[in-house]
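1. Mind looking at a prediction? Sequence and model below.
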Amino acid sequence: MKILVVDDSEAFRKVMIELLVKVGFHEVVEARDYDEAIKVFSAERPNICFVDMILPGKSGVELTKAMKEIDPQATIIAMSSIINKKMIRESIELGAKDFLLKPTNEIALNSVLTMWSD
């Protein structure tokens, strides 16, 4: 199973990748912004995408919409360190399956992965 982590923080991407590997997911790709995420998503076709809602340039909400246009079956998990109900609602309405509060931990991440992985 391939996972995409989209976050503008290199430190957070590194932590997420370490957590994903720790819980058994070794095929992880990453992107730092909307443009890079679209390229990686289109080329790699990950099974699950963790998308930060606050990105430089276009937002994670816009990225969620674009990913679902490319692949309506994409499994997208919205992430943010800020609880913004409007942003969370928009991302869910556009097709995100779940929301993960940052920073996350192994238990929360594993719970989301168990629910949405095949």
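-> Done, it's in. Numbers count the residues shown, from 1 in each chain.
2. burial count for the spatially closest residue to Lys22 that is not a sequence neighbour?
-> Excluding the flanking residues, the one nearest Lys22 by C-beta to C-beta, 6 or more residues apart in numbering is Glu106, at 6.3 Å. (Each C-beta comes from the backbone N, C-alpha and C, glycine too.) By other C-beta atoms under 10 Å, 12 other residues sit near Glu106.
3. Contacts only, for Glu106.
-> By C-beta atoms under 8 Å, 6 or more residues apart in numbering, Glu106 lies in contact with Leu19, Lys22, Val23.
4. Against Val112, how distant is the last one?
-> In other words, Val23. When distance is defined by C-beta to C-beta, to the nearest Å, Val23 is 10 Å away from Val112.
5. any chance you could map the strands in this protein?
-> For the chain, the strands defined by DSSP state E cover 2-6, 27-31, 48-52, 75-80, 98-101.
6. and the residue nearest to the spatial centre of the chain, what does it touch?
-> In the chain, the centroid-proximal residue (C-alpha atoms, centre = their mean) is Phe50; its distance is 1.2 Å. By C-beta under 8 Å, 6+ apart, the contact set of Phe50 is Ile3, Leu4, Val5, Val6, Asp7, Met16, Ile77, Met79, Leu100.
7. Check this structure for its longest helix and report it.
-> helix 10-22 (DSSP state H).
8. just the angle between that one and strand 27-31, please?
-> Following axes from the mean of the first three to the mean of the last three C-alpha atoms, to 10 degrees, one obtains 170 degrees for the angle between helix 10-22 and strand 27-31.
9. For helix 10-22, name the packing helices and strands.
-> For helix 10-22, the elements it packs on are strand 2-6, strand 27-31, helix 106-116, judged by 3 or more C-beta pairs under 8 Å, 6 or more residues apart in numbering; DSSP states H and E.
10. Buried residues, the first one. List them.
-> Across strand 2-6, burial judged by 16 or more other C-beta atoms under 10 Å covers Ile3, Leu4, Val5, Val6.
11. roughly how far apart are Leu101 and Lys2?
-> Applying C-beta to C-beta to Leu101 and Lys2 gives a distance of 24 Å.
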